[in-house]
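> Show me the folded form of this:
(one chain, ligands or ions: 1)
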Amino acid sequence: KTATDRAFFGQPRGLVGLFFAEAWERFSYYGMRALLLYYMTDRLAEGGLGLPADSAKPLIAVYGSAIYLAAILGGWVSDRLLGDRKATLVGGVLIMCGHLCLAVPAGAGALFASMVFIAVGTGLLKPTISSSVGDLYAAGDPRRDSGFSIYYMGISVGAVAAPLVVGTVGQNYDYHAGFGIAAVGMALGLLVYLRSQRHLSPVSSRPKNPLRLAEVPRPRLIAVVAGAAALIGLVAVTVGTGVLDVDGIVDVISVLAIALPVGYFTVMLRSARTTAAERARVRAYIPMFVAAVAFWCIQEQGATVIAQYAEESTDLDAFGFAIPASWFQSVGSLVLIVLTPLFAVLWLRLDRSPRSPSTAHKFAVGLAIAGLSYLLLVVPAAHPGQTNPLWLAGSLAVVTVGEMCLSPIGLSATTRLAPAAFATQTMGLWLSSNAAGQGIGAQLVKFYDPGSAAGYFGALGGGAVVLALVLFALAPLIRRQASRKGATMDDDQ
Ligand code: GLN
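Take a look at the predicted model:
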C-alpha cells in the first residue's frame, strides 16, 4: 500500500505523523539541553544546582554520547521484544517522565533520575521511529533518500524552536517551568504519534526477530544477567566511592562509544541469522560508518569548541547590538530547514537518473564539506583579535550542507542495508556513530586552545578532507562489495 501512497508531497502519508512526532521529541530534547548547563551551574539562590562549570560541561557532553549509545540497546529491545511501535511509545513515555523529573524543584537526585529516564527513553524512541520511516518504503523505492531528508527537517524544526521557547522561559522565568514545557512537547509528540499509527507499515508493529526465551541456552542467559548486574554494580560502586570522577566517566564513555559499535559489527557479521548477501552489505557499510564517525566528531563540536569560539573569539557587537553567543546554535537548523526542499528534489532527481551517485559518494561529499567548514575557520582564526560573526555563521552553514549529504542519507541507507534480523539494531548502530564521534571529540577538544585555534581547525578540517578523498576513491569498490552475492546497496540497481 505504502509503495503507491503519495499523499504527502509525493511521499507516503505515514511520513507526516513521524515528521511531527520526531519534531516534538527533538523539541523536548534540545529544549532540555539548552537549559541544562545554566540550570546545573546557576547558584542555589537563583534556582540552580550550584555545580562548577568544569564538571557540568563534560557531564553534559557524555550524557549526549550515552543517549546515542543507548540506541543500540533500544534497537535490540525493538527487534527482539517489543517491535518498533511499542518501543517508540514506551520510549516517549519514559522521555516525558524524564522531563517531568526536572519540572519539579527536587535537586540533583531528580536530575540524575531524569538523565536515566531520558537516556533509556531516547534509546528506545530514536532508532525505532527512524526505522519506521524506512518501513514506509518498499525495497527499490527511489523516494527513500528524499523522504528521509524531509523527516530530518522535522528534527531541525524541533531543534530550532526549542531553545527559543524552553530556553527563554527557563532562563527568564523559572527553570522548572522550562523543563515542564519540554514535557508538554513530548506529550504532544506522543499524541501525534498515536494518531498516525494506522498510516504506518504493519511491519513496525512486530519484533523483527522475536526472542524465544525457551530457545536461549541457560548458561548464556545466566551469563548475560550476571554480567549486566556486575556492570551496574561496578558503576554504582566506583561512582559512589568517587573512584570514578567526572574525567574518568568521560574517558570510560569515550572508550565504550568506540568499543560497542566495533563489537556490534562483529556480532552482526558472525551471526547465523545474517545471510551471505547481508554480510556483504554490512562489510560495505563499515567504511561509511567510519566516515560518519569523523563527520559527527566535527559537527557535534558545534556545541563545544564552536560555542567557545563564539563566546571568546567572535566580535559579538559587530552589528551594533550584542548577539547572544547561543544564537549560533540555531544557525545549522535554520539553514537545514531552508535548504531541505532543495535537497529533497535534488535526491529524487539524482536517484532517478541513470548515473545516480552511490551512498558512499554522497557520504564522501558530506565529509569533505564538513572538513571545508573547519578549513574556512583557519582564515579568521589565523588573525589575532576578534573576528566577524559571519565567518562562524558561514562555517556553520557549510557544515550543515555536509550534514544534508550524510545524515539523512545515512538513516536511509541503514534501513536499506540492515540485515533483516537486526533491522532496528542496525539503526541503533548508525546512531552510535554519533556517540563514537562525540566520544573521540571529547578527547580532541582538550587540545583546543584559543591561542592556536587556526592549527586546531586546520588539522581536523584537513584530516576530514583526506578521509573523504579516500572514501571517494573507495566508492566504486564499496558499491561492488555491497552488490556481491546478489545484494544491492543503492536503490537504482
Ligand atoms: N542532529 C541529529 C538529531 O538530533 C543527530 C542525530 C543523528 O542522526 N546521529 O537527530
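> rest of the way, CA atoms for contacts and neighbours
Fine.
> How about the stretch 1-150 of the chain: which residue is closest to the ligand?
Residue of the stretch 1-150 of the chain nearest the ligand, by Cα to the nearest ligand atom: R26 (6.6 Å).
> Off-centre distance for the helix or strand encompassing S132?
S132 is part of helix 107-134, with elements assigned from DSSP states H and E. Relative to the centre of its chain, helix 107-134 is centred 12 Å away, using Cα atoms, centre = their mean, to the nearest Å.
> so what's the residue of the stretch 1-150 of the chain closest to the ligand closest to, chain neighbours aside?
Spatial nearest neighbour of R26, excluding adjacent residues (Cα to Cα, 6 or more residues apart in numbering): G158 at 5.2 Å.
> That neighbour and the ligand, how far apart?
Using Cα to the nearest ligand atom, to the nearest Å, G158 is found at 9 Å from the ligand.
> and what of Y285?
Applying Cα to the nearest ligand atom, the value for Y285 to the ligand is 16 Å.
> same deal with L392?
19 Å.
> Pull the contacting residues for that residue.
When contacts are counted by Cα atoms under 8 Å, 6 or more residues apart in numbering, L392 touches A310, F328, L377.
> which of those residues tops the neighbour count?
Within the contacts of L392, most neighbours by other Cα atoms under 10 Å means A310, with 25 neighbours.
> isn't that one right next to W327, touching?
No - judged on Cα atoms under 8 Å, A310 makes no contact with W327 at a distance of 9.4 Å.
> closest point of the stretch 251-400 of the chain to the ligand, which residue?
W296 (7.5 Å).
> Which residue, other than its chain neighbours, is closest to that residue?
Leaving out its chain neighbours, the residue that sits closest to W296 by Cα to Cα, 6+ apart is G437, at 4.9 Å.
> Report the contact partners of that neighbour.
Contacts for G437 (Cα under 8 Å, 6+ apart) come out as A292, V293, A294, F295, W296, C297, I298, E300.
> can you give me the angle the helix or strand containing it makes with helix 107-134?
Here G437, judged by DSSP H and E, is contained in helix 423-444. For helix 423-444 against helix 107-134, the angle by axes from the mean of the first three to the mean of the last three Cα atoms, to 10 degrees is 130 degrees.
> which strands and helices sit next to the helix or strand following helix 423-444?
The helix or strand immediately downstream of helix 423-444 is helix 453-482, counting by DSSP H and E. With contacts taken as 3 or more Cα pairs under 8 Å, 6 or more residues apart in numbering; DSSP states H and E, helix 453-482 sits against helix 276-299, helix 359-382.
> Tell me which of those helices sits most buried.
Of all the helices and strands packed on helix 453-482, helix 359-382 has the most neighbours on average by mean count of other Cα atoms under 10 Å, namely a mean of 25.
> Give me the buried positions along the following helix or strand past that one.
Scanning forward in sequence from helix 359-382 by DSSP H and E, the next helix or strand is helix 389-417. Counting neighbours by 16 or more other Cα atoms under 10 Å, one finds that the buried residues in helix 389-417 are 389, 391-417.
> just stretch 160-179 next, same as before
Quick answer for stretch 160-179 (16+ other Cα under 10 Å): 160-163, 166-171, 174-179.
> from those, which is closest to V466?
Lowest distance from V466 to the buried residues of stretch 160-179 (Cα to Cα) belongs to V160, with 31.7 Å.
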